[in-house]
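Predicted structure and sequence below. I'll ask about it afterward.
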Amino acid sequence: MRLAGIFSDHMILQREKEVRVFGDAEDGHRIRVEIDGLTSDALAKDGRFVVRLPKHPAGGPYIMTVTEETAGTPSENSKIVLQDICFGEVWIDNGQSNIEFEIQNARGGREELETADLPMVRYFKCIKTPVIDDDVIEQEKWQQWKPLTGGQFRDMSGVAYFFAKKLHAALGVPVGIVDCYQGGTSISCWLSEERLSRYPEGRVYQEDFAAAIQGQSEEDYDRLLLEYNAMVEKHLRLSAEAKEKNPDISPEELSAVAGDYPWPPPQGLRSAFRPGGLYHTMLERIAPFAARGILYYQGEEDSPKASGYAVLLSELIREFRDLFEDEALPVTILQLPMFIGRNCEDMRDWAYLREAQEQAVLGARDTILVPLIDCGEYDNVHPLDKKTPGERTAQEVLDSVYGNHKDGGRSMRVREVQWKRSEVEIHFANTYGSIRIGENELFDLRKEKGGKEAAHVYGFEVHQVGREDWVVPRVVLEQEAVRLQTDQPIDGIRYGFFNYGKVNLYNAEGLPLCPFRRMKY
């Protein structure tokens, strides 16, 4: 008998939901699980078992005992005892590098590592692997849930850290985070091959991959990977040397010395970035672990294919619910922040990707969109501020999932658009009483005074009848509405619809206006 790697001492189990304990065992062997008076068992079939425990309230610590029986008697070396197990709230975070970005590298992360003492907040870090082999199986034996104490959580997701910290403070119960991510991944990496093949938007990833590896042998891939890793090592070495000589070196100067980070890595049958790969090597390894919900922060890699992203994200939401056996599993999508590379034209591909994220959320129940349109850094695809995304996600979840309005709130969204020839009046949902002009890191807000006319409201553009370009309108800010005015008839409006730019409208809860675009016809 072998438990799946996610089961260890210090684990957090989901309160008030059926808990599944699973792993590998010989067919016909009975596996029994006991914890705090709850007992359940199941027979192993096809080399696997899943024991289902009834609901249990928040609490702990408890001891979990897992016993293997053959013909009604315990097998030799058949008992596993797990210590310090608590029931609370479990969230799985999934995606690419901005959810992967570790707390030790985030702004304020070192201070959190030095001061945080949160024994009832714990995390489990999935092994990032493109293949399952004997080495991975051996590593899984030593995986552990870790409490956030003594600075021993340096490699935890920064976004998930700030999310869990706020959630724990608001709910007062143990909180568990399952880190399951891989930097640089496309959405296609997390969808099964079967689900990808259902849609032309998914098959294009499979076809591109097949073309990229056509005729490639394992030896070819190994050679390409060695060459790529050597380029990465050289870039990192030159970057480190340049930063040591000049800690204030500009991005332009650093690029001149070290070049840009080599990307993408080579494709191959053992690549972490192949379509469907990480679905098997990471997501399936933790399913069907019971959780309250999913945090999904991904999309940067798919911006060139933004037109098909909504279809695939909608399918991924369904996949999460099937994998973790919960048709109402809340899925929270962190919308892409602002970003543009140095000397790059703004192609608005990130804007289209954000729109696709919103479309998927609007088309599925029990989903949440967390706008990060006021976050991001110029020429840095990995902004250091992970506190704002983490706490904002917690705020949205506290309101939407837990109904904790005291500690939560939802971002502003368009409720109604009234077209009045050369003026458009926009009314919003979730203002919580007023619309406010706020500050963020994207620009230094100009302090202007006088009247309701908000000359310093940024982010709005309008399309005028008969013209191809979009122009900046005159903006009048009301208590819970905005009026956009020009000297020509208007047939289109948009807000924050660019890869990188200025936006500064918030509701009374401090949550931003979501980016949007609307056409009259």
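Arrived safely. Numbers count the residues shown, from 1 in each chain.

For the helix or strand harbouring Glu194, buried residues please.
Under the criterion DSSP states H and E, the helix or strand holding Glu194 is helix 193-196. Of the residues in helix 193-196, those scored as buried under the neighbour-count criterion (16 or more other Cβ atoms under 10 Å) are Arg195, Leu196. (Each C-beta comes from the backbone N, C-alpha and C, glycine too.)

For it, which helices and strands make contact with it?
Counting contacts by 3 or more Cβ pairs under 8 Å, 6 or more residues apart in numbering; DSSP states H and E, helix 193-196 packs against helix 200-212, helix 309-323.

Let me see the mean pLDDT of the shortest one.
Put plainly, it is helix 200-212. Taken as a whole, helix 200-212 has an average pLDDT of 98.

Dump that helix to PDB, keeping only the CA atoms.
Taking only C-alpha atoms (Å, rounded to 0.1, in the frame of the first residue of the first chain), the coordinates of helix 200-212 have been written out as PDB:
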ATOM      1  CA  PRO A 200     -10.300  23.300 -33.100                       C
ATOM      2  CA  GLU A 201      -8.900  25.800 -30.500                       C
ATOM      3  CA  GLY A 202      -7.300  22.900 -28.700                       C
ATOM      4  CA  ARG A 203      -6.300  20.800 -31.700                       C
ATOM      5  CA  VAL A 204      -4.200  23.700 -33.000                       C
ATOM      6  CA  TYR A 205      -1.900  23.200 -30.000                       C
ATOM      7  CA  GLN A 206      -1.600  19.500 -30.700                       C
ATOM      8  CA  GLU A 207      -0.900  20.100 -34.400                       C
ATOM      9  CA  ASP A 208       1.700  22.700 -33.700                       C
ATOM     10  CA  PHE A 209       3.400  20.400 -31.200                       C
ATOM     11  CA  ALA A 210       3.300  17.400 -33.600                       C
ATOM     12  CA  ALA A 211       4.900  19.600 -36.300                       C
ATOM     13  CA  ALA A 212       7.600  20.800 -33.900                       C
END
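
For Asp46, give its distance to Gly28.
11 Å (Cβ to Cβ, to the nearest Å).

pLDDT value on Val397, please?
For Val397, the pLDDT comes out at 98.

Now do the same contact list for it.
Going by Cβ atoms under 8 Å, 6 or more residues apart in numbering, Val397 touches Phe163, Leu167, Gly293, Pro330, Thr332, Ile368, Gly408.

same thing but at 10 Å, please
With contacts defined as Cβ atoms under 10 Å, 6 or more residues apart in numbering, Val397 is in contact with 89, 91, 163, 166-167, 170, 292-293, 295, 330, 332, 368, 370, 404, 407-408.

Just the strands from the stretch 1-150 of the chain, written as ranges.
In the stretch 1-150 of the chain, strands defined by DSSP state E, counting those that start in this stretch lie at 2-3, 12-14, 19-24, 30-35, 38-43, 48-53, 59-70, 73-95, 118-125, 146-148, listed in chain order.

closest to Gly277 out of the ones you listed?
strand 73-95 (14.1 Å; Cβ to Cβ).

so how far is Cys344 from the residue lying closest to Arg107 once chain neighbours are set aside?
Excluding its sequence neighbours, the residue lying closest to Arg107 (Cβ to Cβ, 6 or more residues apart in numbering) is Leu384, at 4.2 Å. When distance is defined by Cβ to Cβ, Leu384 is 20 Å away from Cys344.

and those two? which has more neighbours close in?
More neighbours surround Leu384 than the other of Leu384 and Cys344, with 15 against 11 (other Cβ atoms under 10 Å).
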